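>>> next comes the sequence, and after it the predicted model I'd like to discuss.
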Amino acid sequence: MVTVGEGRARPARCRDRQVYLLSHPVIFALLAATRGRTVTRLGGTVLIQGTEAFREALTTLPLDRTAAGTTGGLAHALTEDGVLFDQDGPAHRAARRSLAADLSAAGIERLRPVWRAILSRQLAALGAGGDVDLVQASAELAGATVCALLALDADPVAVARAAGAVAAAATREHLLGIPRPGASRTLAAATDHLIRLLGPQRLAAAGMPADAGMTADAGMTDAAGRAVMLAIAAVNTTTAGIPRAVAWCADSRLWPDADSAERREVLARELLRVTAPTALLPRVAAADGIVGGRRIRKGDRLILVARHAAGAHRAGPDCDRPAPPQVAQLVFGAGAHACPGAALARAQLGETLQLLAPYRPVVVRARASRRSGLPGWATLVVRAGPQSRPSGDSCS
């Protein structure tokens, strides 16, 4: 069994910090400077970083789900009713119920052969002493999972790349600071490309109503909008989360925990807590309220810092003393509308760790992405370590 103190976690934390410093340096410098405060007001923007304040903001404060610069705002820009991400109305509730069924324990088991086959093929090179880029492997895994969820006959890698481009363009348009010239046009072009990959013919073949003229500007059917938003969310959290978690596991030498059936689930939850793939949740207050003892005004832009709320900056992953589940879960949001894909994310990371563990991989090359929507690696190459003990069924 492995107990990881912050001394052991230091190399992993040092490497992981690169994804923040190179992708969004100004924002994360600001967050680092204010992380000791529960709530910080900067004009009309409020940073919320405390555990209870974060939960309060998501569960008790009325939020504007259609505001520009938020996930719901992007959904409304693409769809008729902002389905899946607007948190309001019967269309939203029906879509959430449908997605919850798809991502139930039984739904995840139906999807498992899809991603296991990809991992088996992608990781096989480790047994021959070769290298594996976990970013590429995660992108294919994410794209294939989305296609399987939506019953679409599309190229998984192309879907993953297109969804990543939309997230990157949306982030550049909605970042704090001076608006970037052409950001809106770039976002529209990237979204149109993803729409073309997912439909309309493929959406129709999957039993979804299709509009041959649908574009990001014209809007699309709810079913098509759901497909687009699901692709963006699932692809970007997976391609950001899995490589960062594997790098942390390798740098902190956590492979014995990954190899243990009893500890692997705890390790996956802890790694997701510490890496917090969706580190920031942009929201807008729909009414006056109180969060963390501070007054929030209607129209305030809220930056909810999930990684600080979950204590990622204070403690590394520890299977002997893990964070309480209700704290670890905060990286997936809180309340009735927390991310429905949390169980899928944990399952996919757990299986990735299980298949990697016999090889005791080490990171041989890493390059942080400067363009991705979420902090992540552009390249994360691993190789079997000196203590590897691959078995015949390690990637079966």
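Structure received.
>>> quick one: the helix or strand where Val157 lies to chain centroid distance?
Assignment of secondary structure by DSSP states H and E places Val157 within helix 156-174. Distance of helix 156-174 from its chain centroid, counting by Cα atoms, centre = their mean, to the nearest Å, is 12 Å.
>>> can you list the buried residues in that helix?
156, 159-174 (16 or more other Cβ atoms under 10 Å). C-beta coordinates here come from the backbone N, C-alpha and C atoms, glycine included.
>>> CA atoms of that helix as PDB?
Only the C-alpha atoms of helix 156-174 are listed here, as PDB (Å, rounded to 0.1, in the frame of the first residue of the first chain):
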ATOM      1  CA  PRO A 156     -14.200   9.000 -33.300                       C
ATOM      2  CA  VAL A 157     -10.900  10.800 -33.700                       C
ATOM      3  CA  ALA A 158     -12.400  13.400 -36.000                       C
ATOM      4  CA  VAL A 159     -15.200  14.000 -33.600                       C
ATOM      5  CA  ALA A 160     -12.800  14.400 -30.700                       C
ATOM      6  CA  ARG A 161     -10.700  16.900 -32.600                       C
ATOM      7  CA  ALA A 162     -13.700  18.900 -33.700                       C
ATOM      8  CA  ALA A 163     -15.200  19.000 -30.200                       C
ATOM      9  CA  GLY A 164     -11.800  20.100 -28.800                       C
ATOM     10  CA  ALA A 165     -11.600  22.900 -31.300                       C
ATOM     11  CA  VAL A 166     -15.100  24.200 -30.300                       C
ATOM     12  CA  ALA A 167     -14.100  24.200 -26.600                       C
ATOM     13  CA  ALA A 168     -10.900  26.000 -27.300                       C
ATOM     14  CA  ALA A 169     -12.700  28.600 -29.400                       C
ATOM     15  CA  ALA A 170     -15.400  29.100 -26.800                       C
ATOM     16  CA  THR A 171     -12.800  29.500 -24.000                       C
ATOM     17  CA  ARG A 172     -10.900  32.100 -26.000                       C
ATOM     18  CA  GLU A 173     -14.100  34.100 -26.600                       C
ATOM     19  CA  HIS A 174     -15.300  33.900 -23.000                       C
END
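>>> tell me which other helices or strands that helix touches.
helix 134-150, helix 183-198, helix 222-251 (3 or more Cβ pairs under 8 Å, 6 or more residues apart in numbering; DSSP states H and E).
>>> other residues contacting that helix?
Identification of contacts with helix 156-174 by Cβ atoms under 8 Å, 6 or more residues apart in numbering yields 24, 68-70, 74, 139-140, 142-144, 146-147, 179-180, 183-184, 186-187, 189-191, 193-194, 197-198, 228, 231-232, 234-236, 239, 282, 371-374.
>>> hmm, try it at 7 Å
Contact partners of helix 156-174, identified using Cβ atoms under 7 Å, 6 or more residues apart in numbering, comprise 69, 74, 139-140, 142-144, 146-147, 180, 183-184, 186-187, 190-191, 193-194, 197, 231-232, 235-236, 239, 282, 371-374.
>>> buried set for stretch 247-267?
Neighbour-count burial for stretch 247-267 flags 247-255, 257-260, 263-267 (criterion: 16+ other Cβ under 10 Å).
>>> I should have written stretch 272-288 there, sorry.
272-286.
>>> now swap in stretch 183-201 and tell me
Neighbour-count burial for stretch 183-201 [16+ other Cβ under 10 Å]: 183, 186-188, 190-195, 197-200.
>>> want to throw these into JSON lines with distance to Asp102?
Putting the buried residues of stretch 183-201 into JSON lines (distance: Cβ to Cβ, whole Å) gives the following:
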{"residue": "Ala183", "distance to Asp102": "33"}
{"residue": "Thr186", "distance to Asp102": "31"}
{"residue": "Leu187", "distance to Asp102": "27"}
{"residue": "Ala188", "distance to Asp102": "29"}
{"residue": "Ala190", "distance to Asp102": "25"}
{"residue": "Thr191", "distance to Asp102": "23"}
{"residue": "Asp192", "distance to Asp102": "26"}
{"residue": "His193", "distance to Asp102": "25"}
{"residue": "Leu194", "distance to Asp102": "20"}
{"residue": "Ile195", "distance to Asp102": "21"}
{"residue": "Leu197", "distance to Asp102": "20"}
{"residue": "Leu198", "distance to Asp102": "16"}
{"residue": "Gly199", "distance to Asp102": "18"}
{"residue": "Pro200", "distance to Asp102": "21"}
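>>> among these, which one has the lowest pLDDT?
Among the buried residues of stretch 183-201, Pro200 carries the weakest pLDDT, at 58.
>>> excluding its backbone neighbours, what's nearest Arg301?
Thr45 (4.7 Å; Cβ to Cβ, 6 or more residues apart in numbering).
>>> okay, now the one you found: neighbour count?
Counted with other Cβ atoms under 10 Å, the neighbours of Thr45 add up to 14.
>>> state the pLDDT value of it.
Looking at Thr45, its pLDDT reads 92.
>>> can you check Gly350 too?
We have a pLDDT of 97 for Gly350.
>>> which parts of the stretch 201-350 of the chain are helices?
Secondary structure of the stretch 201-350 of the chain (DSSP state H, counting those that start in this stretch): helices at 201-205, 222-251, 255-258, 264-275, 306-309, 325-328, 342-356.
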